[in-house]
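Undergrad: I would like the atomic coordinates for the input below:
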Amino acid sequence: LSVRSGLPRRQTAKKVLHDVAGVGAARLIFFEADKGDAGYVASSLWKDGEYREHLRKGTGQACSTLVPTVDRVASLAEALALVSGDGWKVALDPYEATGALGESAPASASAGILAVGPERGWSDKERALLRAQGFRMQHLGDRILRVEAACLVGGALLLAHLRAWQAHRALG
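TA: As a prediction, the model looks like this:
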């Protein structure tokens, strides 16, 4: 699972890093969104490398050793350039969704990419770019969720549909 998110405020980013690392995302890419707040770029979370601690805590909470890689880029276009052409591509958008997440999950997909907009939502330009890159606009229900909730719930649903979670087996 790879998650792309509009750069959120510091406190929200800390929750996204912790929780999405815990559910097993392999990669997180934060981008400066058209409707994002320019002040979020200057956060000490990114400048001082503090974000790594939240990744480690989320991974440790999950008893996992997979620490996701994290990238920060200047735009959605740059974030999408880091996406491979394979996999199930979903952009969460409650306004222009064609259905609920998972209604049209490809049966053969083995990887997934989840795009979550910033706190103020996607711009028309960003929506067009997502569609051009093969993303399906889907929703998580009638309610508008906070960025951290959308990342966690959307990521978990994508992983479940991809059957990424196998039954636990005894250790030792």
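Undergrad: Show me what the lowest-mean-pLDDT helix or strand in the chain is packed against.
TA: Within the chain, no helix or strand scores below helix 44-47, which has a mean of 88 by mean pLDDT, DSSP states H and E. If contacts are counted by 3 or more C-beta pairs under 8 Å, 6 or more residues apart in numbering; DSSP states H and E, helix 44-47 sits against helix 10-23. No exception for glycine: its C-beta is placed from N, CA and C like everyone else's.
Undergrad: Need the CA coordinates for the following helix or strand past the helix it packs on. CSV is fine.
TA: Downstream of helix 10-23, the first helix or strand assigned by DSSP states H and E is strand 27-31. C-alpha atoms of strand 27-31 as CSV (Å, rounded to 0.1, in the frame of the first residue of the first chain):
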residue,chain,number,x,y,z
ARG,A,27,5.2,4.3,1.4
LEU,A,28,3.8,7.7,2.3
ILE,A,29,4.1,10.7,0.0
PHE,A,30,3.1,14.1,1.2
PHE,A,31,2.6,16.8,-1.3
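Undergrad: which other helices and strands contact the host helix or strand of Leu152?
TA: Assessed by DSSP H and E, Leu152 sits inside helix 147-161. Packing contacts for helix 147-161, counted by 3+ C-beta pairs under 8 Å, 6+ apart, involve strand 2-6, helix 10-23, strand 88-92, strand 112-116.
Undergrad: that older thread, contacting residues around the least confident helix or strand of the chain?
TA: With contact meaning C-beta atoms under 8 Å, 6 or more residues apart in numbering, helix 44-47 is reached by Arg10, Ala13, Lys14, Glu50, Tyr51, Arg72.
Undergrad: same question, stretch 12-20
TA: Stretch 12-20 has contacts (C-beta under 8 Å, 6+ apart) with 3, 5, 7-8, 28, 30, 40, 43, 45, 51, 54-55, 57-58, 61, 68, 70, 119, 146-148, 151-152, 155.
Undergrad: pLDDT averaged over it - what is it?
TA: Averaging pLDDT along stretch 12-20 yields 95.
Undergrad: Buried ones in that stretch, by neighbour count?
TA: By neighbour count on 16 or more other C-beta atoms under 10 Å, the buried set for stretch 12-20 is Thr12, Ala13, Lys14, Lys15, Val16, Leu17, His18, Asp19, Val20.
Undergrad: Looking at those, which is nearest Ser123?
TA: Thr12 (19.1 Å; C-beta to C-beta).
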